[in-house]
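> could you look at this predicted model? Sequence included:
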Amino acid sequence: MPVERITTADSHVVVEIDGTVVADTTDARVLFETNLPPRYYIPLGDVRSELLTPTDTSTHCPYKGDAHYWTVMVDGTSHTDIVWSYGDPIPESADIKGFVSFYPDRVTLTVDGIAA
């Protein structure tokens with residue numbers, strides 16, 4: 001899916017997994033792609049990195065580049081490949097470098113206190 005645009009969210013974005021806050025930021029980016037819901041990308045520094053374990057999973061998107069994945073461990077439960085990032089995105093997607101995204105159907109995502 002082609003990236004249509006990336007904008008600054010200008011919102012308070014919180015990601016929870018099983019009731020545990022794993023990310024909390026006011027510096028998110030929103031990536032809009034054709035036929036997909038908006039994806040919120042969060043600065044890695046605003047994610048509880050102690051909960052993340054890198055996996056060997058990788059994927060390729062012709063519009064963003066190569067993605068790498070992490071598993072999140074919350075209260076002894078492993079949420080495999082729930083987080084991804086583009087370490088070296090193509091130039092059109094450079095604004096998400098250093099940011100991660102979560103599968104929205106596998107987390108509780110709120111934007112300014114409202115479920116996204």
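Thanks, I have it.
> beta partners for the spatially most central residue of the chain?
Taking C-alpha atoms, centre = their mean, the centroid of the chain lies closest to Ser101, which sits 0.6 Å from it. Bridge pairing for Ser101 (DSSP bridges) gives the partners Tyr41, Trp84.
> for it, give its distance to Pro91.
In this structure, Ser101 and Pro91 are 19 Å apart, going by C-beta to C-beta, to the nearest Å. In this view, the C-beta of every residue, glycine as well, is placed from N, C-alpha and C.
> show me the shaky parts of this protein.
Filtered on pLDDT under 70, the chain yields the residue ranges 1.
> swap the cut-off to 50 and go again
For the chain, not a single residue meets the criterion pLDDT under 50.
> residue farthest from the centroid of it?
Gly76 (21.5 Å).
> show me the contacts for the nearest residue to Glu16 once chain neighbours are set aside.
With sequence-adjacent residues excluded and distances taken as C-beta to C-beta, 6 or more residues apart in numbering, Glu16 is closest to Thr108, at 4.2 Å. Counting by C-beta atoms under 8 Å, 6 or more residues apart in numbering, Thr108 touches 15-17, 115.
> quick check: phi and psi on Thr108?
Phi and psi for Thr108, reported as degrees, to the nearest 10, are phi -100, psi 120.
> what do you get for Pro62?
phi -70, psi -20.
> over to the one 10 residues further on?
When quoted as degrees, to the nearest 10, the phi and psi of Val72 stand at phi -110, psi 130.
> tell me if I'm right that it and Ile17 touch.
Yes. Using C-beta atoms under 8 Å, Val72 is in contact with Ile17, at 5.8 Å.
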